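Trainee: Next comes the sequence, and after it the predicted model I'd like to discuss.
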Amino acid sequence: MIIFGDGFHNFIDGLSLGAAFNESIPTGMSISLAVMCEELPHELGDFAVLLSAGMTMRQALIYNFLSACTCYLGLVCGIILGEFEASQYIFALAGGMFLYIALVDMMPEMNEVAEEASRESVPQALKVLTLQNIGILSGVGALYLLARFQDQIRFV
């Protein structure tokens, strides 16, 4: 199930990358940067889950690689669909998927960690709350900066 979900996730990443590059090079580069920042910890987490599920390191690497290859299929589809002015729908789909993942997977886990910390002590709970808020605000801030200044970003 993790491999299927990761494959679908990577397909949507590729779809949004293809549509972004079809729209403009700066948009494509800013979306690429955002996807890269999201994918590295995501793939490492998936790899750890596959290992803890009992796969050998070789099996986990192969399955993780195969699910990552769906990004290329999504890229091609995104470029083709971007020709038909479907970029706004692709971005809406990708954004909705990321919101769903954040609200369904991450928020309950963050809540559980905060509850465990509050059982230990109030200072520990405040530390966890502060770190969680710094993480959320850093992510929102980075995405805002990418969206706001995407036309001014130059990759030499």
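Mentor: Received, thanks.
Trainee: what sits against the most centrally placed residue in the chain?
Mentor: A centroid search over the chain (CA atoms, centre = their mean) returns E38, at 3.9 Å, as the residue closest to the centre. Shown in contact with E38 (CB atoms under 8 Å, 6 or more residues apart in numbering): F98. All C-beta spots, glycine's among them, are computed from the backbone N, C-alpha and C.
Trainee: That one and E116, how far apart?
Mentor: According to CB to CB, to the nearest Å, E38 and E116 sit 26 Å apart.
Trainee: can you check A48 too?
Mentor: With the distance defined as CB to CB, A48 ends up 20 Å from E116.
Trainee: Any stretches of the protein with poor pLDDT?
Mentor: For the chain, applying pLDDT under 70 flags the ranges 155-156.
Trainee: picking up where we left off before, so which helix or strand takes in the residue nearest to the centre of the chain?
Mentor: E38 is part of helix 25-52, with elements assigned from DSSP states H and E.
Trainee: Please point out which parts of that helix sit buried.
Mentor: The neighbour-count check on helix 25-52 (16 or more other CB atoms under 10 Å) flags 26-32, 34-35, 38-39, 42-43, 46-47, 50 as buried.
Trainee: for stretch 131-150, same thing?
Mentor: Residues of stretch 131-150 classed as buried by neighbour count (16+ other CB under 10 Å): 132, 146, 150.
Trainee: so what's the second one closest to, chain neighbours aside?
Mentor: Sequence neighbours aside, S30 is the residue nearest to L146 in space, at 4.5 Å (criterion: CB to CB, 6 or more residues apart in numbering).
Trainee: same check, this time on the last one
Mentor: If you skip the residues right next to it in sequence, Q150 has S30 as its closest partner in space, 4.2 Å away by CB to CB, 6+ apart.
Trainee: so how far is I3 from that neighbour?
Mentor: Counting by CB to CB - S30 and I3 are separated by 29 Å.
Trainee: What of S52?
Mentor: 14 Å.
Trainee: my guess is the residue nearest to Q150 meets R154, correct?
Mentor: No: judged on CB atoms under 8 Å, S30 makes no contact with R154 at a distance of 11.3 Å.
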